[in-house]
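Colleague: dropping the sequence and predicted coords here.
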Amino acid sequence: MNNRHFIIAILLSLAITGCGVYSFTGANISPDIKTISIQTFYDEVGTGPPNLSQLFTEKIKDYYQQNTSLALVPAEGDLQLEGSIVGYKLTPMAPRAQGSNRFEDADIAALQRLTITVKVTYLNTQDDSFDFDGQNFSFYVDYDPEKQDFNSIEPQLVEEIYDAIILDIFNATVANW
């Protein structure tokens, strides 16, 4: 009886991993697709940290490598991603009056919002029905400027926003959600 259960367990695990179409990360990739090329995402706004472009490009490459079995190639992959960072905006949210006299201190923002937008072009060389050109992916994070210094938390905010944007891009490309 134990041998029969062992053989069934092996066959089930081979069936699950052997099909090559679905993974536990949500990727739904045809077995014919073996490679991905991700070009540098350039910073078109220039208002964020100087490493904005490099950080995003490396994070998205790492994400695809960790969550798919695709080989990363420099160009002409079966799947191709390219784009640019087109928005890096700090916006005051939820104004709060500072002083009781209208001539005292000016109103200040109780919350600030950092929003980053990335424009992406995606090409699937095996099935062009999944392609998109210049689609914007955006995410934001709010913080309290009275409790947190923007310069000290900016890297953390950028990481959090990038993680959300990359997940959205991943879902739009290989998870087909």
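Modeller: Perfect, I can see it now. Numbers count the residues shown, from 1 in each chain.

Colleague: could you use CA atoms for every contact and neighbour count after this?
Modeller: Noted.

Colleague: biggest helix in the protein by residues?
Modeller: Criterion DSSP state H: the longest helix present in the chain is helix 150-173.

Colleague: for that one, packing partners?
Modeller: Using 3 or more C-alpha pairs under 8 Å, 6 or more residues apart in numbering; DSSP states H and E, the elements in contact with helix 150-173 are helix 52-67, strand 108-124, strand 132-143.

Colleague: that one to strand 108-124, inter-axis angle?
Modeller: 30 degrees (axes from the mean of the first three to the mean of the last three C-alpha atoms, to 10 degrees).

Colleague: which residues are contacting helix 150-173?
Modeller: Contacts with helix 150-173, where a contact means C-alpha atoms under 8 Å, 6 or more residues apart in numbering, come from 26-27, 56, 59-60, 63-64, 114-116, 118, 122, 130, 137-141, 177.

Colleague: buried subset of these, written for PyMOL?
Modeller: To isolate the buried subset of those in PyMOL, counting by 16 or more other C-alpha atoms under 10 Å, use the following:
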select buried, resi 27+56+60+64+114+115+116+118+122+137+138+139+140
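
Colleague: buried sites along the helix or strand hosting Leu81?
Modeller: Using DSSP states H and E, Leu81 sits within strand 79-96. Judged by neighbour count using 16+ other C-alpha under 10 Å, the buried positions of strand 79-96 are 79-88, 90, 92.
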